[in-house]
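> Okay, sequence plus prediction incoming.
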Amino acid sequence: MSEDEKRAASQERAQNGISSLRPEFKIAKTVLAVMLLTGGALYYRDSYVPARMFQAADISFEEGDYGEALETYHRALELKPRQTGTHFRIGYSLEKQGDYRGAMDEYAAHLKDEPDDGEALFRLGSLYFDHDMRQDALNVLKRAKELGAPASADYMIGVSLEALGDTKAAREGFVEAIRRSEGDAELLYVSSKALMRLGSYLEALDGFAEMGKFVASGDTRAFHASNAAKAMLGRPTDPSCVIEPGAAFGSVTLGATSRDLIADSNWGPPKEQVSDGEHSVWGYGGGIEAPETLIYMENDAVIEIVSSAKDFKTPDGLGVANFKEPKYAGRFDRWVAQMGEAVTLYRYVLKGGGLAFFAVGDLSSAVVYSGDMPLSRSDGNEWVKME
């Protein structure tokens, strides 16, 4: 056979190779092709399509379209019944749609797979509380806190304990919520209001003061709520009535000038004025003969303020009127025992200096000053320091 004939024969075999195979090889090739086609279809149906549907549902969820998310999740679960995290997202979507019972069921199903999910525990516990399952709520919320749930869990623990009648532990929960609030103004507000409800006014005041640091401009809730707490504590709500030891008596401050006093709408020109060289005394309130407040000046600068006005109090509530309350009676009795019953003038230095109180018979007054002792003393040895 010539070379040309050999090449022609080779090309013919190549073109007709498949037909030259034995029958069993042809069958195997056909089966393989069918398997590949069938497997591809199964993969597309069981993996690719559900994955894309879960992805679409997640997008709707993240965008807050919970109705669309629910519909897509349910269609995806028909193709692939198990998908990590889906029960939680369905539960959250149901909660946002108002189906709280359904949400509880989904959160419970999620926690079977993820028992240490603090957020799911918190949401389930909150829903338990809303449905009067108070003890269940408390148990779940405590577990959520153990797993690092945010300060909202402390607040919900507090309301659960309050509902169960344990007000002491409830207070602790609200105080802890304030401590861990991290600037959450709304959480600070509701926790502090809860403390007000329980009569814990001092802790509530601390919470409202913290809230005031984080509220938006124009939000006056913290201011008004703080004043309510101050009123319950017997503290002044008007800044012009606050006594600041060693600094100010209302709006008049140590070091202020006569011009400052006259320009101050709370004081203005005095009712009475006595001058002696570099020293002068201005009287306000009461009558000309017995003004309520005396302001002592040296070289036209305020050096001491003495007042019997009852509206003035320290930031924590100690005022002229309070000084004569029965709870202070023991201090008078001790003084009388030391000095004799003939002594009628009692002087107490309080607040670490800078604020003192006189008690003369049935009258009393407060003194704001700088230095070791007020100038309004007759003898320094007659002063008793009481913290």
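Yes, it's here.

> check contacts around the residue nearest the centre of the chain.
For the chain, the residue nearest the mean C-alpha position is residue 188 (2.5 Å; CA atoms, centre = their mean). Contacts for residue 188 (CB atoms under 8 Å, 6 or more residues apart in numbering) come out as 178, 181, 207, 208, 210, 211, 214. For glycine as for every other residue, the C-beta is placed from the backbone atoms N, C-alpha and C.

> which one of these has the most neighbours?
Neighbours here mean other CB atoms under 10 Å. Within those, the largest count is held by residue 207, at 31 neighbours.

> Please list all residues in contact with it.
Residue 207 makes contact with 174, 178, 188, 189, 191, 192, 195, according to CB under 8 Å, 6+ apart.

> So which of those sit within helices?
The helices, defined by DSSP state H, take in 174, 178, 188, 189, 191, 192, 195 from these.

> Can you tell me how far the second one is from residue 198?
By that I understand residue 178. Residue 178 sits at a distance of 13 Å from residue 198 (criterion: CB to CB, to the nearest Å).

> again, but for the third one
Computed with CB to CB, the distance linking residue 188 and residue 198 is 16 Å.

> Based on its surroundings, how many neighbours for the nearest residue to residue 139 once chain neighbours are set aside?
Among residues not flanking residue 139 along the chain, residue 125 sits closest, at 7.9 Å (CB to CB, 6 or more residues apart in numbering). By other CB under 10 Å, the residues close to residue 125 number 27.

> what's residue 125 sitting at in phi/psi?
Taking degrees, to the nearest 10, you get phi -60, psi -40 for the backbone angles of residue 125.

> Redo the contacts of residue 207 as TSV? Include distance to residue 166 and pLDDT.
Output for the contacts of residue 207, formatted as TSV (distance: CB to CB, whole Å; pLDDT from 0 to 100):
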residue	distance to residue 166	pLDDT
174	12	97
178	18	97
188	23	97
189	23	97
191	17	98
192	19	97
195	15	98
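
> ok, so of the residues you listed, who is nearest residue 97?
Using CB to CB, residue 189 is the member of the contacts of residue 207 that lies nearest residue 97, at 27.2 Å.

> which stretches of the stretch 101-250 of the chain have low pLDDT?
By pLDDT under 70, the stretch 101-250 of the chain has no low-scoring segment.

> which residues in it form helices?
For the stretch 101-250 of the chain, the helices defined by DSSP state H, counting those that start in this stretch occupy 118-130, 134-146, 152-163, 167-179, 185-197, 201-211, 221-233.

> which residue packs closest to the residue nearest to the centre of the chain, ignoring adjacent ones?
Distance criterion CB to CB, 6+ apart; nearest residue to residue 188, sequence neighbours excluded, is residue 211 at 3.8 Å.
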